[in-house]
Each structure stands twice: as C-alpha cells, then as structure tokens.
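Undergrad: need a 3D model of the following:
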Amino acid sequence: MTNRRILVLVRDGHVPPLTLDGVTEDELTPWKAEFDVCETLRRLGHDVLPVGVYDDLAPIREALRDFQPDITFMLLEEFHGVVTYDFAVISYLELMQQPYTGCNPRGLLLSKDKALSKKVLSYHRIPTPRFAVFPYGRKTHRPKKLSFPLFVKSVIEDASFGIAQASIVHTDEALAERVAFLHDKTKDDVIAEQFIEGRELYVGVVGNTRLTTFPAWEMDFGKMPDDVARIATRTVKFNRKYQEKHDITTRAADDLDAATADRISKICKRVYRALSMSGYARMDLRMTSEGGIFVIEANANPNIEYGEDFSESAEVAGIDYESLMQRIINLGLSYKAAWMAT
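TA: Next up is the predicted model:
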C-alpha cells in the first residue's frame with residue numbers, strides 16, 4: 001500500500017484533535033465521524049491534513065497549493081449552510097484537477113434532490129412511492145392519484161430534518177398544514193409521497209463501475225407504541241434516551257432469504273447507476289409484508305463513522321473499518337473524472 005497525502009474537508013469547527021484525551025462523549029458526538037476517518041487514515045500510514053470549511057473556498061485552494069494532496073477526502077456535507085452545495089465543492093475539486101473520495105458532482109446533484117431523483121427512478125421503472133411536489137409559495141393541492149396516508153418532507157434536507165410523527169398525514173387539511181410548516185421552515189419546496197407500511201432497510205453500495213452491495217441493515221423500532229408510525233424521525237435516529245426507552249436499534253436484516261437479498265442488491269445497483277453515483281452511497285428502502293421493495297431515497301456520501309450502519313454492514317461483509325477507508329481512498333483515486341481525458 002502506498003502512503004498518501006490526504007486532505008480531509010470537514011465543516012468549520014469539526015476539525016478533530018489528534019487524540020481523545022480529556023474529550024467527553026457529548027463533545028465528541030458532533031465530529032466523531034471526522035475523528036474516526038482521520039485517526040484511521042493516520043493509522044494506515046497516510047499523511048492527513050483536516051481543514052475546516054464553511055463559506056470560503058480559500059482554505060481549500062491554499063491547502064491544495066501548500067499541502068499538494070494526492071487525494072481529498074470529502075466529509076463536507078454543506079457549504080455556507082446549504083446542503084445542496086456539496087456538489088459545487090466537488091466540482092471545484094474537479095476544476096482544480098484534484099482526485100476526491102465519494103460521489104461525483106452529477107450524482108450528488110441528482111441524489112440530493114428527492115423530487116428529481118424520483119423522476120429519474122420512475123423513468124427507469126425502479127419502484128418508488130408515488131409522490132407530488134408542492135412548490136414554495138404556492139397553495140397545496142393534492143393530485144387525485146395521490147392517496148393517503150402520505151409522508152411529507154423537505155425536497156432537499158437530509159438527516160431526517162423536519163421529520164416527525166406529524167409528517168404522516170391522513171387528510172387534506174393535515175397535508176396543507178404540514179406543507180405550510182415545512183415551507184416556512186426550509187423556504188423551499190416540499191414533497192409528499194405515499195407512505196409505505198413495512199420494514200425500513202438501509203443498503204450500502206460501493207464502487208465506480210463495478211459495484212458491491214453490503215448486507216441489508218434494518219431499523220428495529222423496538223417497543224414503540226402501537227399508535228405511532230414506524231418512521232425514522234429525528235427523535236428515533238438521534239435521541240439516545242428515547243432509543244433506550246423504546247429499545248430502538250439498527251441491526252443486520254439477517255432473516256432475508258437469498259432471493260430477496262439478491263433482489264434488493266440488484267435494485268440498489270440500478271439506483272446507483274441511474275443516478276450516476278460513484279464512490280459510496282446508502283440506499284433507503286421500505287419492504288412491505290408481501291415482499292414489495294420501494295426505494296425511498298439514495299444518499300451519496302453517507303455517515304461512515306465507526307460503529308454506524310454503513311461501516312457495521314461492511315464489517316458483516318468481511319471488510320473491517322481500516323479496509324473500508326482504504327477502499328474509499330482507492331475508489332477516489334481510480335475514478336475517471338472528465339479532466340483526466342484532456
């Protein structure tokens with residue numbers, strides 16, 4: 001293995017320390033992924049420089065000039081607080097002829113826009129729930145083809161932003177109220193899709209042209225009350241006290257038969273290719289009690305901190321965390337960006 005100079009782009013304020021000496025768990029949580037990645041890359045023998053970025057490209061330009069990295073590890077999820085601008089940062093790296101990890105600009109742009117990505121998936125006949133987009137600043141009118149219950153969420157925000165039990169609506173009045181709430185909160189369009197009752201599955205995919213899927217992971221909603229929807233709200237995903245109270249966890253969906261697992265893998269690879277993705281991604285699926293599989297969304301550059309779903313499923317597939325980080329580096333180095341052909 002060749003030792004590399006690796007520039008790691010993180011959000012400003014999330015540059016991790018060299019050690020965790022004296023760091024509390026609460027202090028660690030916001031930048032645990034950044035620490036895990038940097039620490040592991042150093043342990044692999046690489047020369048690592050983490051740089052914090054918020055609303056200025058100058059730190060990136062200076063690091064490229066002075067550090068001269070072999071590759072940039074992309075952990076930046078937004079620019080100037082806008083989550084859809086991550087593709088612009090990657091575009092800048094391509095303009096600077098700099099190899100990078102994770103997804104290419106086109107794949108980021110397509111996958112981050114839930115409405116656009118669903119249109120692409122529908123064109124390719126990949127099963128996804130029926131949906132409608134409610135533009136910001138317009139009144140809410142539900143298409144007749146869209147039947148209740150509906151799941152209402154932001155078109156662009158991720159990490160369960162704005163998702164709560166109130167996101168599941170059963171009437172036009174509740175739909176209009178939730179859309180208005182998200183319009184006000186995000187100042188952007190809102191999407192409502194038919195709610196698929198069933199199991200919530202997450203599948204990791206890695207590769208550029210030759211793709212590998214990891215074993216399906218499942219959100220186990222534990223002992224949540226019977227009168228609430230089994231959805232991954234922000235509380236379910238991030239509130240540890242709530243998780244412990246209701247025994248909520250994620251785990252390997254190891255009861256899937258071989259045929260179902262193979263079908264899920266093939267669907268996820270089709271999504272990855274349809275959305276022009278590269279590097280690594282996580283597919284969020286719903287599987288009905290009858291075995292129907294629906295793609296909810298595709299997540300480019302998902303959370304890869306140690307012990308989270310993506311890295312845990314890789315471990316089940318026989319890829320330990322160090323090997324996973326090295327594979328991500330190798331995929332970035334081997335990705336054929338357009339500038340390489342000039």
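Undergrad: could you use CA atoms for every contact and neighbour count after this?
TA: Fine.
Undergrad: any stretches of the stretch 51-200 of the chain with poor pLDDT?
TA: 158-160 (pLDDT under 70).
Undergrad: can you give me the strands for it?
TA: Using DSSP state E, counting those that start in this stretch, the strands found in the stretch 51-200 of the chain span residues 71-74, 131-134, 150-154, 168-169, 190-194, 199-207.
Undergrad: now render these as TSV, adding mean neighbour count and distance to residue 270.
TA: Listed next are those as TSV, based on neighbours: other C-alpha atoms under 10 Å; distance: least, C-alpha to C-alpha, whole Å:
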stretch	mean neighbour count	distance to residue 270
strand 71-74	23	24
strand 131-134	21	20
strand 150-154	25	24
strand 168-169	22	28
strand 190-194	23	21
strand 199-207	24	11
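Undergrad: longest helix anywhere in this structure?
TA: Ranked by residue count, the top helix of the chain under DSSP state H comes out as helix 258-274.
Undergrad: after that one, which helix or strand is next?
TA: As assigned by DSSP states H and E, the chain's next helix or strand after helix 258-274 is strand 279-287.
Undergrad: let me see the residues that make contact with that next one.
TA: The contact list for strand 279-287 (C-alpha atoms under 8 Å, 6 or more residues apart in numbering) reads 101-104, 196-208, 268, 272, 293-302, 310, 328, 331-332, 335.
Undergrad: that strand: partners in the sheet, and parallel or antiparallel?
TA: Strand 279-287 pairs in its sheet with strand 199-207 (antiparallel), strand 293-300 (antiparallel), by DSSP bridges.
Undergrad: looking at these, spot the one closest to residue 125.
TA: Residue 125 sits nearest to strand 293-300 of all those, at 11.1 Å, using C-alpha to C-alpha.
Undergrad: tilt between the closest one and helix 258-274?
TA: Relative orientation of strand 293-300 versus helix 258-274 (axes from the mean of the first three to the mean of the last three C-alpha atoms, to 10 degrees): 50 degrees.
Undergrad: coming back round to it: out of the contacts of strand 279-287, which end up buried?
TA: 101-104, 196, 198-208, 268, 272, 293-302, 310, 328, 331-332, 335 (16 or more other C-alpha atoms under 10 Å).
Undergrad: what about the residue nearest to residue 269 when sequence neighbours are not counted, neighbour count?
TA: Spatial nearest neighbour of residue 269, excluding adjacent residues (C-alpha to C-alpha, 6 or more residues apart in numbering): residue 211 at 6.9 Å. Using other C-alpha atoms under 10 Å, residue 211 has 16 neighbouring residues.
Undergrad: over to residue 25?
TA: Residues lying near residue 25 (other C-alpha under 10 Å) number 10.
Undergrad: residues contacting it?
TA: Counting by C-alpha under 8 Å, 6+ apart, residue 25 has no contacts.
Undergrad: what about it, distance to residue 32?
TA: Distance, residue 25 to residue 32, using C-alpha to C-alpha, to the nearest Å: 9 Å.
Undergrad: swap in residue 73?
TA: 15 Å.
Undergrad: same check, this time on residue 176
TA: 38 Å.
Undergrad: same question for residue 175.
TA: 37 Å.
Undergrad: okay, the two: which has more neighbours?
TA: Neighbour count, other C-alpha under 10 Å: between residue 175 and residue 32, residue 175 has more, with 24 against 17.
Undergrad: how about the contacts made by that one?
TA: Applying C-alpha under 8 Å, 6+ apart, the residues contacting residue 175 are 140, 150, 152, 169.
Undergrad: recalculate using a threshold of 6 Å.
TA: Listed by C-alpha atoms under 6 Å, 6 or more residues apart in numbering, the contact partners of residue 175 are residue 169.
Undergrad: do the same with residue 212
TA: Per C-alpha under 6 Å, 6+ apart, neighbours of residue 212: 205-206.
Undergrad: so what's it scoring on pLDDT?
TA: With respect to pLDDT, residue 212 has a value of 98.
Undergrad: look up phi and psi at it.
TA: For residue 212, the backbone dihedrals are phi -130, psi 130 (criterion: degrees, to the nearest 10).
Undergrad: quick revisit: the residue nearest to residue 269 and residue 197, how far apart?
TA: In terms of C-alpha to C-alpha, residue 211 sits 29 Å off from residue 197.
Undergrad: equivalent analysis for residue 10, please.
TA: 36 Å.
Undergrad: what's the answer for residue 166, then?
TA: From residue 166 to residue 197 the distance is 16 Å (C-alpha to C-alpha).
Undergrad: got it, and residue 229?
TA: From residue 229 to residue 197 the distance is 9 Å (C-alpha to C-alpha).
Undergrad: same deal with residue 54?
TA: Applying C-alpha to C-alpha to residue 54 and residue 197 gives a distance of 39 Å.
Undergrad: same question, residue 142
TA: Counting by C-alpha to C-alpha - residue 142 and residue 197 are separated by 20 Å.
Undergrad: let me know the pLDDT of residue 240.
TA: For residue 240, the predicted pLDDT is 83.
Undergrad: neighbours around the closest residue to residue 97 other than its chain neighbours, how many?
TA: Sequence neighbours aside, residue 339 is the residue nearest to residue 97 in space, at 6.5 Å (criterion: C-alpha to C-alpha, 6+ apart). Residues near residue 339, counting by other C-alpha under 10 Å, number 11.
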